[in-house]
Every structure is written in structure tokens, then in C-alpha cells.
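1. I'll drop the sequence and a predicted model, then ask my questions.
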Amino acid sequence: MKTTLIICIFALSFGFLYKSNATETNKQTISIDSVKIDPICKMKVKQPANHKSTYQKQEYLFCSKGCKLKFDKNPEQYLKK
């Protein structure tokens, strides 16, 4: 009886630890995917961003309105770098 109880407690604690680690991994993946690089100043920009442009079906995020305006004037210049 004691052995069965110990095995059940161990199994439950292992399941809890596995679930919490999986949740942390998912949070890290989500946060990494939601960070983009501003093509003008190379700053990290998190989604949802206030300043966005679409060029050749690709969406670009910007840290500020100034960077967005520079990009909109000549996107090719900043995508070559």
C-alpha cells in the first residue's frame, strides 16, 4: 500500500513538473517569435507594433514613425544591408 502511494505521488509530481516546463518553453517560443528587427535602426520591436509597413507581401515593424517614413521612401535601400 505504501509503495503504491509513493509511486502515485511521484507520478503526479513528475507530471506537474513536465507540464510547467512545457508551458515555459511555449512562452519562450512565443516571445521570441513576436520580436522583429527594425530594418532602419536594427532595434528589437515587439508585436503588436504601432508602426508597420508592407513591402512585397512582407510585413516590417518599426520602433518609431521616423523609421517607418524612411523605409517607406526607399525600402530597397534598407533591405540590401
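-> Yep, that arrived.
2. burial measure for the closest residue in space to Tyr55 that isn't next to it in sequence, as a count.
-> In this structure, Tyr55 finds its nearest non-sequential neighbour in Pro75, 4.5 Å apart by C-beta to C-beta, 6 or more residues apart in numbering. In short, each C-beta sits where N, CA and C put it, glycine included. Counted with other C-beta atoms under 10 Å, residues neighbouring Pro75 total 17.
3. And Ile6, by the same measure?
-> 10.
4. Would you tell me what helix or strand it is located in?
-> For Ile6, the enclosing helix or strand under DSSP states H and E is helix 2-33.
5. Heading C-terminal from that helix, find the next helix or strand.
-> Sequence-wise, the next helix or strand downstream of helix 2-33 (DSSP H and E) is strand 35-37.
6. Can you name every helix or strand that that following strand contacts?
-> strand 44-46 (3 or more C-beta pairs under 8 Å, 6 or more residues apart in numbering; DSSP states H and E).
7. The strand it packs on pairs with which strands?
-> Note on strand 44-46: by DSSP bridges, its sheet partners are strand 35-37 (antiparallel).
8. what comes up buried for the partner strand?
-> Neighbour-count burial for strand 35-37, counted by 16 or more other C-beta atoms under 10 Å, picks out Lys36.
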